[in-house]
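> give me a 3D structure for the following:
(chains A and B)
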Amino acid sequence: MDGFSAKIAQLESTMSLYGREVVIAFAVVVFGLILIKWINQGLKSVFRKLPISPAKGATVRNVITVLMSAALISFVAIHLGLGARPVVRFLAILTLGAIAMIVVFRPLIPSLPFKVGNTVKIVDLLGKVEATTILNTRLRTFDGKTFFVPNRKILDGVVINYHFSDKRRIKINVGIRYDQDLMKAKQVLESLMIEDPRVIAKPAPVVYVLNLTNNCVELGGRCWVDNMKYWVTKCDLLEKTKYKFDNEGIVIAFPQLDVNYYNKSGAPVCTDQNRLQGHGESFESKIK
Amino acid sequence: MKISKGLKVIEKGWIIKPKGYRVKYQKLINSELITEYSPDLEDKPLDSDVVAWRYAWKLYMATKSDSPEISDGELINIFVVDDSDNPVKYYATNQLEVFNPREINV
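Numbering: from 1, shown residues only, chains lettered A, B, ... in the order given. Below is the predicted model of the structure:
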């Protein structure tokens, strides 16, 4: 009990001697951190208007923030009675230590396969990278949603970075009925791709017969465009394919099934043809 | 003939690939009928005929009037042309199409 009272008395005397400086230092730290945060936000909005990449802007802001924080800590430490030289030496040692750690461990730290501003597909999320931190990556999808993806998930999975390729290949897959003019359909699809100004001449657009399925002959049109124009060009080509096929009389197939019913003697009872001509019994009367 | 040369022959002869599209129209300015283009001839043309025709249709819808006379600001004879000023067929109908067609009385 006596020991506790002595400690309280010691604390009281310390506070009476240095309490004012401690309170002022605390207030300066809080005010300084708030000011640094405001300056950071202001710089963010300024950099957004300038023609610099988001990654460079973030780096510059981080450097300024670190310098301002170091200046704030130095000021508070000197105000509390520490000498200027020891404070500067301590900050210098801290900085050099941090640089050494980065240099030594940087090759060992796995880096993310994209930068801020790149358009990427992570798992099933397609969007633009807005920011990366040590723990997660902020991704903004094209419909306005913001996702925070853990970096561990990114490093363990497959990431598609659309920023690396300046050209992309468009696939126009369309199925036509078996009774349609296949050569005409191929020519129409190929001419559609060739005459679009956005489609690159080399590699030249081509049309393949991909498959003979149960209900259609599947054609695959392939052409290359600039990465930035990929989406709009693909949608335009699909729309024009539909219209052009309609205008040329080429019927696009859709899933359908023909059912033919035969009686015991093998004669067709109810086929499409018979029904249209008014012959044969209905299928429903037979199954009752 | 080498294949590369043959391909160039095909490129020139088979399908004409326009460099861009513009919407061409006429409008009345001070009782005088003026022909204009959008985008202007000095500006870069549109690279999609789908976009150009859609744009032409919207211009027509925004400026049409029910009056038999051509009113100020009304755009008439609106259609899409390529970089050589040749009319381009409307991709939906495969026909030459003109929005708000009006005969000009000289």
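> residues near the closest residue to A:G127 other than its chain neighbours, how many?
Leaving aside its chain neighbours, A:G127 sits nearest to A:T141 (3.9 Å; criterion: C-beta to C-beta, 6 or more residues apart in numbering or on different chains). Glycine gets a C-beta too; all of them are placed from N, C-alpha and C. Number of residues near A:T141 (other C-beta atoms under 10 Å in any protein chain shown) recorded here: 12.
> can you tell me how far A:T141 sits from A:N118?
Distance from A:T141 to A:N118, counting by C-beta to C-beta, to the nearest Å: 14 Å.
> where does chain B come near chain A, residue by residue?
Within chain B, the residues that sit near chain A (C-beta under 8 Å from any C-beta of the partner chain) are B:7, B:11, B:14-21, B:47-51, B:91-94.
> and the residues you listed, which are buried?
B:18, B:20-21, B:47-50, B:91-92 (16 or more other C-beta atoms under 10 Å in any protein chain shown).
> these in helices, which ones?
Among these, the ones falling in helices (DSSP state H) are B:49-50.
> for the buried ones among the residues of chain B next to chain A, which one is nearest A:I73?
B:D47 (55.5 Å; C-beta to C-beta).
> grab the nearest non-local neighbour of A:K167.
A:W224 is the one closest to A:K167 (C-beta to C-beta, 6+ apart), at 5.1 Å.
> hang on, that neighbour in a helix?
No - applying DSSP: H, G, I helix; E, B strand; the rest coil, one finds A:W224 to be strand, outside a helix.
> any idea how far it is from A:L237?
12 Å.
> ok so, going back, mind listing what the residue nearest to A:K167 touches?
Residues in contact with A:W224 (C-beta atoms under 8 Å, 6 or more residues apart in numbering or on different chains) are A:167-170, A:199-200, A:203, A:205.
> could you redo the last one with a cut-off of 10 Å?
A:167-170, A:193, A:198-205, A:230 (C-beta atoms under 10 Å, 6 or more residues apart in numbering or on different chains).
> from these, keep the buried residues only.
A:168, A:170, A:193, A:198-199, A:204-205, A:230.
> what's the farthest-apart pair in these?
Maximum distance among the buried ones among the contacts of A:W224 (C-beta to C-beta): 17.7 Å, for A:A204 and A:Y230.
> okay, and which of the residues of chain B next to chain A map to strands?
B:Y21 (DSSP state E).
> and the average pLDDT for the longest helix seen in chain A is what?
When chain A is parsed with DSSP H, its longest helix is helix A:2-49. For helix A:2-49, mean pLDDT rounds to 85.
> what is that helix packed up against?
Here helix A:2-49 touches helix A:54-79, going by 3 or more C-beta pairs under 10 Å, 6 or more residues apart in numbering or on different chains; DSSP states H and E.
> other residues contacting stretch A:40-55?
Residues contacting stretch A:40-55 (C-beta under 10 Å, 6+ apart): A:56-62, A:64-65, A:68, A:115-118, A:128-132.
> report the buried members of the residues you listed.
Buried among the contacts of stretch A:40-55 by 16+ other C-beta under 10 Å: A:57-58, A:61, A:68, A:115-116, A:118, A:128-129, A:132.
> which of the buried ones among the contacts of A:W224 are close to chain B?
Filtering the buried ones among the contacts of A:W224 for proximity to chain B (criterion: C-beta under 10 Å from any C-beta of the partner chain) leaves A:193, A:198-199, A:204.
> contacts only, for the residue nearest to A:G127.
Going by C-beta under 10 Å, 6+ apart, A:T141 touches A:125-128, A:147.
> going by neighbour count, which of the residues you listed comes out on top?
Going by other C-beta under 10 Å, A:G127 tops the contacts of A:T141 with 20 neighbours.
> how far away is that one from A:E21?
With distances taken as C-beta to C-beta, A:G127 is found 50 Å from A:E21.
> what ranges do the helices span in chain A?
Taking DSSP H as the test, the helices found in chain A are A:2-49, A:54-79, A:84-105, A:151-156, A:182-194, A:230-247, A:272-277, A:283-287.
> does anything pack onto the fourth one? Which helices or strands?
Translated: helix A:151-156. Using 3+ C-beta pairs under 10 Å, 6+ apart: helix A:151-156 touches strand A:119-122, strand A:136-141.
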